[in-house]
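A.B. asks: The following comprises the amino acid sequence and a computationally predicted model.
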Amino acid sequence: MHNLAIALHEKGYQVTGSDDEIFEPSRSRLAERGLLPEKEGWYPGRLDESTDAVILGMHAREDNPELHRARELGIRIFSFPEYLYEHALNKKRVVIGGSHGKTTITAMVLHVLKNCGIDADFMVGAKLHGFEVMVRLTDEAPVMVFEGDEYLTSALDRRPKFHVYRPHTALLSGIAWDHINVFPTWEGYLEEFDKFVALIEPGGSLVFCREDREVVRLAEKYAGRLRTSGYGLPQFEIESGVTFLVNGQEKIPLKVFGRHNLMNIEGARFICNELGVPVKDFYKAIGSFPGAARRLELLAEGDTTAIFRDFAHSPSKLQATVEAVSEQFPERRLVACIELHTFSSLSAHFLQHYKGTLDKADLPVVYYNPQTIRHKRLPGLQPDDVRKAFGNERIKVFTDSEKLAGELMSVEWKEKNLLLMSSGNFNNISLEELTSKVAGVSHRY
């Protein structure tokens, strides 16, 4: 939401906003532009007849006093996705969807378009290198690229966000059950992706990962109405810790790695082709793609050790990330640490889906905060429940972040890598201390 506020401010609108809590980096970035409210909380008096529109974030509930005032005044009310769709109504809309990889693929597409001088508006779910904001809105750009999140549009609109955008071109990277607090059954979750494909504009195109059975089924179902193109794993080589994309006689060194990222690159290539980027220009640009924040992000690197951070939290993301680091550095042992932080991952009946996901790690570690479980009003978990669900008796389980930090500090880190995976922050564990101790450096990338 704060990125949308900045985008509208830069477009010339007068923007105000409210929230009951504002965290970093939102607070500093809003303050820099004079957009930070004088005080936190909800104040209906801030709205009057001069307000053109109100845009709701996910935390604006039905009984919000400012929402009530907006309705009284007859002000037009949008959810975040609805406003973006309205902005892009007369543009070519490209939506990158799927349970995993959508942030990275969107980031790859935007990186290539920028390098090729193709103007595009966008909304992406992570901070990108070379881009100041995560939302860009202009009158001039003929294209808008959306990261298509399947989570809810707003507290008032139970549609998944990606149902709102109605793309002309869409990508589906894969379907793996997640968000069980919203989609309690696999069948219900799958149905939302079916609806997403059905909402692609007639005559539009669907790029899909042919390695995913459910995605292939949807592509076949809608092939008569849409142009469909499947992608898979491209040819590649790994030499001295660097992954090379092989295109005929050409070898393109990459800054990212992992089979999942190589398939992400192929998906991005198909989308860029739809937007008029020649293949040779795509390969020239993708070699400099540095990755997206918290997606196999290199935090620090020593002579024989590297620390990576990843947003991985669902089973499919976790397994792909662990396997990527293991394959990239076969000569190093891997310490892989996952924080169970989401509603799904902390639910005992869903936890079984994590079975085998940490098997490629030499030292698998799981952390969860009992307070987070209580906050989500879920039944408690025991360490033995976690080991049984993962199917791995080697797993060390921690419920205290200080003890976790102590364990990681005590490891002999020569010829070992550390992989930290979470959608949270390990209860504010100090990454600066970790990088200093583990990699022997006092800075972060």
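C.D. replies: Structure received.
A.B. asks: Now do the same contact list for residue 390.
C.D. replies: Going by C-beta atoms under 8 Å, 6 or more residues apart in numbering, residue 390 touches 351, 354, 355, 356, 357, 358, 364, 366. Using the backbone N, CA and C atoms, a C-beta is placed for each residue, glycine as well.
A.B. asks: In helices only, show me those residues.
C.D. replies: residue 351 (DSSP state H).
A.B. asks: Mind putting the contacts of residue 390 into CSV with distance to residue 312, neighbour count and pLDDT?
C.D. replies: Formatted as CSV, these follow (distance: C-beta to C-beta, whole Å; neighbours: other C-beta atoms under 10 Å; pLDDT from 0 to 100):
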residue, distance to residue 312, neighbour count, pLDDT
351, 15, 20, 94
354, 11, 22, 95
355, 16, 14, 95
356, 15, 12, 96
357, 9, 27, 96
358, 11, 24, 96
364, 13, 22, 96
366, 13, 26, 97
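A.B. asks: For the contacts of residue 390, name the two members farthest from one another.
C.D. replies: Greatest spatial distance among the contacts of residue 390 (C-beta to C-beta): 351 and 364, at 14.4 Å.
A.B. asks: just to revisit the earlier point, which ones among the contacts of residue 390 map onto strands?
C.D. replies: Among the contacts of residue 390, the members falling in strands (DSSP state E) are 364, 366.
A.B. asks: And the contacts of residue 390, which is closest to residue 172?
C.D. replies: When the contacts of residue 390 are compared against residue 172 (criterion: C-beta to C-beta), the nearest one is residue 357, at 22.1 Å.
A.B. asks: Run a quick check on residue 250 versus residue 280, I expect a contact.
C.D. replies: No. Counting by C-beta atoms under 8 Å, residue 250 stays clear of residue 280, with 9.0 Å between them.
A.B. asks: My understanding was that residue 186 contacts residue 176; is that so?
C.D. replies: No. In this structure, residue 186 is not within contact of residue 176 by C-beta under 8 Å, at 9.7 Å.
A.B. asks: Neighbour count: those two, which is higher?
C.D. replies: A count of neighbours by other C-beta atoms under 10 Å puts residue 176 above the other of residue 186 and residue 176, at 19 against 14.
A.B. asks: which residues touch residue 361?
C.D. replies: 322, 326, 334, 335, 336, 419.
A.B. asks: State the distance from it to residue 31.
C.D. replies: 41 Å (C-beta to C-beta, to the nearest Å).
A.B. asks: One more: residue 429?
C.D. replies: With C-beta to C-beta as the criterion, residue 429 and residue 31 are 27 Å apart.
A.B. asks: again with residue 307
C.D. replies: Distance, residue 307 to residue 31, by C-beta to C-beta: 31 Å.
A.B. asks: between these two, who's got more neighbours?
C.D. replies: Remark: of residue 307 and residue 31, residue 307 carries more neighbours, 25 against 11, as counted by other C-beta under 10 Å.
A.B. asks: With just CA atoms, put the strand or helix carrying that one into PDB.
C.D. replies: Per DSSP states H and E: residue 307 is located in strand 306-310. The C-alpha trace of strand 306-310 is given here as PDB (Å, rounded to 0.1, in the frame of the first residue of the first chain):
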ATOM      1  CA  ALA A 306      27.900 -18.200   2.000                       C
ATOM      2  CA  ILE A 307      24.600 -17.100   3.700                       C
ATOM      3  CA  PHE A 308      21.400 -17.000   1.700                       C
ATOM      4  CA  ARG A 309      18.000 -15.700   2.700                       C
ATOM      5  CA  ASP A 310      14.800 -16.900   0.900                       C
END
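A.B. asks: just checking, residue 414 touches residue 304?
C.D. replies: Yes. At 5.4 Å, residue 414 and residue 304 qualify as touching, with contact defined as C-beta under 8 Å.
A.B. asks: what about the two, which has more around it?
C.D. replies: Set residue 414 next to residue 304 and count neighbours by other C-beta under 10 Å: residue 304 wins out with 15 against 12.
A.B. asks: what's around residue 98, how many residues?
C.D. replies: When neighbours are counted by other C-beta under 10 Å, residue 98 registers 26.
A.B. asks: start the count at 296, not 1, going forward
C.D. replies: All right, first residue 296 from here; so that's residue 393.
A.B. asks: distance of the nearest residue to it once chain neighbours are set aside from residue 526?
C.D. replies: Nearest residue to residue 393, sequence neighbours excluded (C-beta to C-beta, 6 or more residues apart in numbering): residue 468, at 3.1 Å. Separation of residue 468 from residue 526 (C-beta to C-beta): 9 Å.
A.B. asks: which residues do these two both contact?
C.D. replies: With C-beta under 8 Å, 6+ apart, residue 468 and residue 526 have common neighbours 504, 558, 562.
A.B. asks: before we move on, which element is the second one in?
C.D. replies: Looking back up the chat, that one is residue 558. helix 554-569.
A.B. asks: what packs against that helix?
C.D. replies: strand 387-392, helix 397-410, strand 464-467, strand 500-504, strand 522-526, strand 537-542, helix 574-581, helix 610-623 (3 or more C-beta pairs under 8 Å, 6 or more residues apart in numbering; DSSP states H and E).
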